[in-house]
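>>> Here is my input, please return the structure:
(chains A and B)
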Amino acid sequence: GAVVSQHPSWVICKSGTSVKIECRSLDFQATTMFWYRQFPKQSLMLMATSNEGSKATYEQGVEKDKFLINHASLTLSTLTVTSAHPEDSSFYICSARVHLNGQGSSGNTIYFGEGSWLTVV
Amino acid sequence: QKEVEQDPGPLSVPEGAIVSLNCTYSNSAFQYFMWYRQYSRKGPELLMYTYSSGNKEDGRFTAQVDKSSKYISLFIRDSQPSDSATYLCAMRLSGGYNKLIFGAGTRLAVHP
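Numbers count the residues shown, from 1 in each chain, chains lettered A, B, ... in the order given. Next comes the predicted model:
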């Protein structure tokens, strides 16, 4: 399957600082990437859809000024958590849409990165 | 009512058992169905991808979609301790750019 790389895997930052998480598609070009947040023992919560060369589309209730998303190239999207607070501590996962051969224009699925654990102290 | 319902478990089975994992959904317009496996503290890994109704088999895994009942299943044959993980069903509408809707995930434990 397609490979999505996420970095860093673990990060600890002080309250009030900002932290950046990178998501890269290693063997394909991803025009669309997604950022999720996951709390322990819960399912994935979509935060935003990141489109290359344009502004991200945020889900309802997600603060766009706090979670800055940039998708400057076809292989890289970044999530910056600004002025982080302890309640922002979570598991953040990116994913990328991959078009599947022979499936027509609708045939695509989502591959995930390994996730990034953020702890704000 | 959630769009996708999935029993969170946990489900505990002995090694070698056949495991059945299920999701129900309310939106009859869903056309694409996926199963992901997520190990603790890792990102989800795509296991199965199916379009519309029918069965799909890949090794020990079989995915079934019954659109008339709005019910999807994942079967794991000859389960192994390494299959212990959370299994997430996901689905989306037709059209290439619709977002995935996830179930809550079922925690599976396969004990030796």
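
>>> Just read off the phi/psi values of the closest residue to chain A within chain B.
Closest to chain A within chain B is B:Gly43: 4.0 Å, counting by Cβ to the nearest Cβ. Using the backbone N, CA and C atoms, a C-beta is placed for each residue, glycine as well. When read as degrees, to the nearest 10, the backbone of B:Gly43 gives phi -80, psi 160.

>>> How about B:Ser82?
phi -70, psi -10.

>>> for it, what are its contacts?
By Cβ atoms under 8 Å, 6 or more residues apart in numbering or on different chains, the contact list for B:Ser82 reads B:Val110.

>>> you'd agree A:Ser50 is up against A:Tyr36?
No. At 11.4 Å, A:Ser50 does not count as touching A:Tyr36 under the criterion of Cβ atoms under 8 Å.

>>> What number of residues are in the vicinity of the residue of chain B closest to chain A?
24 (other Cβ atoms under 10 Å in any protein chain shown).

>>> Just the pLDDT for it.
pLDDT for B:Gly43: 93.

>>> if I look at the closest residue to A:Thr80 other than its chain neighbours, how far off is A:Phe91?
Computed as Cβ to Cβ, 6 or more residues apart in numbering or on different chains, the closest residue to A:Thr80 that is not its neighbour in sequence is A:Leu68, at 4.2 Å. Between A:Leu68 and A:Phe91 the distance is 19 Å, computed by Cβ to Cβ, to the nearest Å.

>>> again, but for B:Gln31
For B:Gln31 relative to A:Phe91 (Cβ to Cβ), the value is 29 Å.

>>> Run through the residues of chain B sitting next to chain A.
Contact residues, chain B versus chain A (Cβ under 8 Å from any Cβ of the partner chain): B:8, B:31-32, B:34, B:36, B:41-46, B:49, B:51, B:88, B:90, B:94-97, B:99-100, B:102-105, B:107.

>>> List only those of these flagged as buried.
Buried members of these, scored by 16 or more other Cβ atoms under 10 Å in any protein chain shown, are B:31-32, B:34, B:36, B:42-46, B:49, B:51, B:88, B:90, B:96, B:99-100, B:102-105, B:107.

>>> From those residues, which land in strands?
Here DSSP state E is the test, and those give B:Gln31, B:Tyr32, B:Met34, B:Tyr36, B:Glu45, B:Leu46, B:Tyr49, B:Tyr51, B:Leu88, B:Ala90, B:Phe102, B:Arg107 as lying in strands.
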